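Novice: quick one: sequence and predicted model below, then my questions.
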Amino acid sequence: MNPLNQEELLKRIAAKIVDVPDFPETGILFKDITPLLADHDALHATIQWMADALEDIDYVISPEARGFIFGTAAACMSRKAGFIPLRKPGKLPRNVFSETYGLEYGTDELQMHIDDLPKGAKVAFIDDVLATGGTLKACEKLVASAGATLEKALFLIELDFLQGREGTGCAIQTLIHC
């Protein structure tokens with residue numbers, strides 16, 4: 001792999017993100033990251049950028065489904081972070097913390113096993129897109145329920161016009177701003 005500098009990475013990623021209008025509902029502009037996932041160098045550099053930000057992090061948590069792509073890989077490439085999945089209702093077999101949240105086009109719910117995060121753990125949230133911030137805010141509540149601390153959130157894309165950062169209590173890093 002030829003390493004990409006930050007400017008080249010940003011250009012390559014931006015060129016690989018495809019806007020799909022009216023998906024999943026009329027009025028929504030969906031950011032399709034599938035072409036990025038197919039580009040080995042851009043995918044690797046994106047995950048490396050995320051992993052490099054996990055220096056002092058004990059656990060990465062990510063929501064299904066697209067968050068898993070980046071979160072698990074970044075945790076694996078980090079020095080020490082484990083990975084904890086945030087799942088939809090009915091997908092986890094043991095007792096869970098549960099949090100309902102608002103989306104750009106409705107509501108959803110995330111769950112995490114109650115014994116996945118030890119008290120005092122330092123946590124990073126990784127996902128593909130920061131839109132309204134609903135998923136991130138639900139994650140903050142789940143982490144707090146476990147007695148851990150959400151230190152930072154990392155995103156591939158941020159939809160700035162939706163102001164998803166507002167009302168969050170952690171540091172946020174994003175590669176692409178739209």
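Specialist: Yep, it's here.
Novice: show me what the residue nearest the centre of the chain is bridged to.
Specialist: Averaging the C-alpha coordinates of the chain gives a centre point, and the residue nearest to it by Cα atoms, centre = their mean is residue 127 (1.3 Å). When assigned by DSSP bridges, residue 127 has beta-bridge partners residue 155.
Novice: residue 32 contacts residue 24, correct?
Specialist: No - with contact taken as Cβ atoms under 8 Å, residue 32 and residue 24 are classed as non-touching, separated by 11.6 Å. Every residue, glycine included, has its C-beta placed from N, CA and C.
Novice: of these two, who's got more company?
Specialist: Each of residue 32 and residue 24 has its neighbours counted (other Cβ atoms under 10 Å); residue 32 has more, 13 against 10.
Novice: which intervals of the protein have sub-threshold pLDDT?
Specialist: Residue ranges of the chain with pLDDT under 70: 1-4, 104-105.
Novice: if you set the cut-off to 80 instead, what comes out?
Specialist: Residues of the chain meeting the criterion pLDDT under 80: 1-6, 8-9, 102-106.
Novice: can you give me the helices for it?
Specialist: Across the chain, reading from the start of the chain, the helices by DSSP state H fall at 6-16, 34-38, 40-52, 66-77, 134-145.
Novice: would CSV of these with mean neighbour count be doable?
Specialist: Converted to CSV, the helices of the chain look like this (neighbours: other Cβ atoms under 10 Å):
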stretch, mean neighbour count
helix 6-16, 15
helix 34-38, 14
helix 40-52, 19
helix 66-77, 21
helix 134-145, 21
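Novice: and those helices as a markdown table, adding distance to residue 173?
Specialist: Converted to a markdown table, those look like this (distance: least, Cβ to Cβ, whole Å):
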| stretch | distance to residue 173 |
| --- | --- |
| helix 6-16 | 12 |
| helix 34-38 | 17 |
| helix 40-52 | 9 |
| helix 66-77 | 12 |
| helix 134-145 | 12 |
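Novice: out of the ones you listed, which comes closest to residue 102?
Specialist: helix 134-145 (4.4 Å; Cβ to Cβ).
Novice: touching the closest one from outside, list them.
Specialist: Counting contacts by Cβ atoms under 8 Å, 6 or more residues apart in numbering, the residues outside helix 134-145 that touch it are 61, 63, 86, 97, 99-104, 108-112, 114, 117, 123, 125, 127, 130, 149-150, 153, 164, 167-170, 172.
Novice: go again with 6 Å.
Specialist: Under the contact criterion Cβ atoms under 6 Å, 6 or more residues apart in numbering, helix 134-145 has outside partners 63, 97, 99, 101-103, 110, 112, 123, 125, 150, 153, 168.
Novice: which single one of these is nearest to residue 52?
Specialist: After measuring the contacts of helix 134-145 against residue 52 - Cβ to Cβ - the closest member comes out as residue 153, at 15.1 Å.
Novice: residues contacting the closest one?
Specialist: Residues counted as contacts of residue 153 (Cβ under 6 Å, 6+ apart) are 125, 136, 170, 172.
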